[in-house]
Structure formats: structure tokens, C-alpha cells
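1. structure for this input, please:
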Amino acid sequence: MKLLSRLGAFRAASLATIALIGVTTATVATAQTYPQRPVTLIVPYAAGGPTDQHLRAVAEEAGKALGQPVIIESRPGASGTNGAAALVRAAPDGYTLAVLPASVYREPYINKVAFDPKTSFSYAILLSDYTFGLAVKADAPWKTWKDFAADAARRPGKINVGATGAVGTPRIVMDEAGEAARLQFNMVPFKGDAEVTNAILGGHIDAAPLSGVAVPHIDAGKMRYLVMLTPHRVKRYPDVPTLREQGVDAVIDSPYGIAGPAGMDPARVKIVHDAFKKALESAPGLRVLEQLNQQINYMGPDDYRKYALAATAREKDRVARLRQRGLLD
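-> Predicted coordinates:
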């Protein structure tokens, strides 16, 4: 009996070892065969905006690391969630990836969507976040936030403030800022920051929360920030105060990263992560971040997924508060 028992134990151990070898071999095979064709990266904003600018530089470098080109596909609209929606319909083979902005965690509590940020994605890498300020044309009549707020108080609903998406993070934060300061703006939605920027320069709107897309126009003297919508003053514009310094507790926290469909092989997720991390930290990647006035905000797959779950819970509570205040229909 003892001999039979030992033989059974040996057989079980041998089968386990064979299974482990099989898994390891499959993982190695996956790493060696992926990718064999171009990878599509969906950017859910219009071409020319800060997300598009950053991801085009990063995608080119990531393609070098992958040995296959990474093709940018722009799908603006739907508050930046078109990429997330596309992942639900895509095969989990790593050939379709998408940029996920902060609105992905909020949208399921505002509208009916096909995705669930808790279960629909294979999170690969968090890349960066936007540095927002309230931008106006250089010849605008307001020199400070106090000037702007005083005018808005005199003319409720008459100052036109543009923002990407009907319920995007910049739009919501401006609504929150308006409520906190007892001001009413006329919010005008746009598909992307490039469109918002052109609307300011063309005099079609008065102001907008803008990130890196405003930088070249500020440097050229065509635009300026009245106030930063960041937790602290930024190195590039040290003389521009934050909105918090003006007594209004409103900050745009808007990181973005890359994910694939749920169910991706972890080995392929790692390949995607490694390629984009190398690209993020490359000279071209860092150069674009500098141009956009942004910093690296890196997280790997596990930490990124944990962040996404926590952000989803926070946005659920935020949407509930916004509805109570009547800021959402």
C-alpha cells in the first residue's frame, strides 16, 4: 500500500511538473510570436490634441520595441470613451489597444455603456496625466481669476467656457468650480482640445480648461492662463496661481493609460507594458511631455488595475453628488 501511495504521489507530482512546463512553454511561445502584424492603438480624442501628440510619439517608439508598427486610430466623441467601447468588441489578442482617460471610470454611472471598467479591460500601463489651466486669448479683458469671476457674477450664463466632452472631466470640474464660487458659465462641449483651442483663438468662446495644447500658443503670446487647475503651481508657469489659492477647491485629476480587452494573455500584456514603458521613457517620449507641460505618471499592470478600481468607486460617488446638486441631467 505504501508503495502504491508513493507511486501515486510521484505520478501526481510528475503531471504537475508537466503542466507547469506546458504553461511556461506556452508563455514563451506567446512572447516569441506576438506581435506578428501591426497593432492598432485607439486614441479617443481628435487629432492634434495633447493625447494624440503624446501617443503618436510614444507609439512610434513602442513600435520599434515591438518590431511591428503601432497604428494610431482616432475616435473622438462620447466623452473620450470610444476606445473603451471598442475594446469590448475586440479580440483579446493584443492587436487592438486603447487609451483610457479618466472619463472611462465615470461614464457607466452617467449613461448606458457597453463596458465596465472593473471587468472589461486588461490594464497594461498608466502613462501620464494632463496639466490643466483656465486658458483665455491673450487680449481677453480678464487678467486674473478674480477679474473673470467678477465678470461672471455680473453676467450669469453669459461667459462661454468650452470643454472637451459633454460630461468630460474638465467640464465637470468647471461646473464644480462654478458652483463653489457661486458662478454660472455657459458650457460649450467640443470633441477635442484642438477644436477648443481654435475656438478660443477665433474668439468663438471666452475661456476653456486646456492642458498641453495651449502651451505653444501661450509661448507665442497668443493665449495665457488665468489660473492653474492643478493641486500646486507648475514649474513652467510659476507665476500663475492655482484655483485653490483663489479659494475655490477644484482640481482636474485626469491620468490616462493603455489597456487591451479583458482576457488578454498576461504574457502579451507584459510585452505591451514593456514596449510602452520603454517608449514613455525614451528621449522622443520625454521631449513631447516637456512640450505639453506634463509629467510621467507611471503604473504597471497590477497597480494600474488597482488604481482603476479605486477611481471607479470614487467616480460613482462623485456622480451621485453631482446629481444631487443638479449638475447632471
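2. strands of the stretch 101-250 of the chain, start to end?
-> Using DSSP state E, counting those that start in this stretch, the strands of the stretch 101-250 of the chain run over 121-129, 133-137, 160-164, 186-190, 207-210, 223-228.
3. ranking the ones you listed by burial, who's on top?
-> Highest mean neighbour count of these: strand 207-210, a mean of 28 (counted as mean count of other CB atoms under 10 Å). (Each C-beta comes from the backbone N, C-alpha and C, glycine too.)
4. how far is that one from where the chain is centred?
-> 17 Å (CA atoms, centre = their mean, to the nearest Å).
5. for that strand, name the packing helices and strands.
-> Helices and strands touching strand 207-210, by 3 or more CB pairs under 8 Å, 6 or more residues apart in numbering; DSSP states H and E, are strand 133-137, strand 160-164, helix 169-180, helix 193-201.
6. and the longest one, which residues are buried?
-> Read that as helix 169-180. Judged by neighbour count (16 or more other CB atoms under 10 Å), helix 169-180 contains these buried residues: 169-179.
7. beyond the strand or helix carrying Ile42, next helix or strand please.
-> Assigned by DSSP states H and E, Ile42 belongs to strand 39-43. Using DSSP H and E, the helix or strand that follows strand 39-43 towards the C-terminus is helix 50-66.
8. any idea of the angle the next helix or strand after that following helix forms with strand 39-43?
-> Following helix 50-66 in sequence order, the next helix or strand is strand 70-74 (DSSP H and E). Inter-element angle recorded for strand 70-74 and strand 39-43: 30 degrees (by axes from the mean of the first three to the mean of the last three CA atoms, to 10 degrees).
9. in strand 70-74, what's buried?
-> By neighbour count on 16+ other CB under 10 Å, the buried set for strand 70-74 is 70, 72, 74.
10. what's in contact with the next helix or strand after that strand?
-> Downstream of strand 70-74, the next assigned helix or strand under DSSP H and E is helix 82-89. With contact meaning CB atoms under 8 Å, 6 or more residues apart in numbering, helix 82-89 is reached by 42-44, 75-76, 78, 96-100, 104, 107, 113-115, 117, 120-121, 259-262.
11. make it 10 Å
-> Identification of contacts with helix 82-89 by CB atoms under 10 Å, 6 or more residues apart in numbering yields 40-45, 73-76, 78, 96-101, 103-105, 107-108, 113-117, 120-122, 258-262, 264.
12. report the buried members of those residues.
-> Taking 16+ other CB under 10 Å as the criterion, what is buried in the contacts of helix 82-89 is 40-45, 74-76, 78, 96-101, 103-105, 107-108, 113, 115, 117, 120-122, 258-262, 264.
13. can the strands of the stretch 101-250 of the chain go into CSV with extra columns for mean pLDDT?
-> Shown next, in CSV, are the strands of the stretch 101-250 of the chain (pLDDT from 0 to 100):
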stretch, mean pLDDT
strand 121-129, 97
strand 133-137, 98
strand 160-164, 93
strand 186-190, 92
strand 207-210, 96
strand 223-228, 97
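14. mind putting those into CSV with distance to Gln291?
-> Conversion of those to CSV gives the following (distance: least, CB to CB, whole Å):
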stretch, distance to Gln291
strand 121-129, 12
strand 133-137, 15
strand 160-164, 19
strand 186-190, 22
strand 207-210, 14
strand 223-228, 15
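15. picking that back up, tell me the one of the buried residues of helix 169-180 nearest Ala62?
-> Nearest to Ala62, judged by CB to CB, of these is Thr169 at 25.3 Å.
16. mind checking pLDDT for the closest one?
-> pLDDT recorded at Thr169 is 87.
17. please begin residue numbering at 9 from this point
-> Fine by me, first position is 9 from now on; the one you just mentioned is Thr177.
18. that one contacts Ala258, doesn't it?
-> No. Applying CB atoms under 10 Å, one finds Thr177 not in contact with Ala258, separated by 11.1 Å.
19. list residues touching both of these two?
-> When contacts are counted by CB under 10 Å, 6+ apart, Thr177 and Ala258 have 217, 237 as shared neighbours.
20. pull the number of nearby residues for Lys243.
-> Using other CB atoms under 10 Å, Lys243 has 9 neighbouring residues.
21. I'd say it and Gln303 touch.
-> Yes. Taking CB under 10 Å as the definition, Lys243 is a contact partner of Gln303 at 9.3 Å.
22. shared neighbours of these two, anything?
-> Here Lys243 and Gln303 have Thr139 as joint contacts, going by CB under 10 Å, 6+ apart.
23. roughly how far is stretch 147-162 from the heart of the chain?
-> 30 Å.
24. tell me the average confidence for stretch 268-286?
-> What stretch 268-286 shows for mean pLDDT is 98.
25. again, but for stretch 83-93
-> On average, stretch 83-93 scores 92.
26. not counting its neighbours along the chain, what's nearest Pro43?
-> Gln76 (4.5 Å; CB to CB, 6 or more residues apart in numbering).
27. just to revisit the earlier point, what's the closest of the buried residues of helix 177-188 to Gly57?
-> Nearest to Gly57 among the buried residues of helix 177-188, counting by CB to CB, is Pro178 at 11.9 Å.
28. on that earlier part again, could you dump the helices and strands packed on strand 215-218 to TSV with distance to Pro43?
-> TSV is the format used below for the helices and strands packed on strand 215-218 (distance: least, CB to CB, whole Å):
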stretch	distance to Pro43
strand 141-145	38
strand 168-172	31
helix 177-188	32
helix 201-209	30
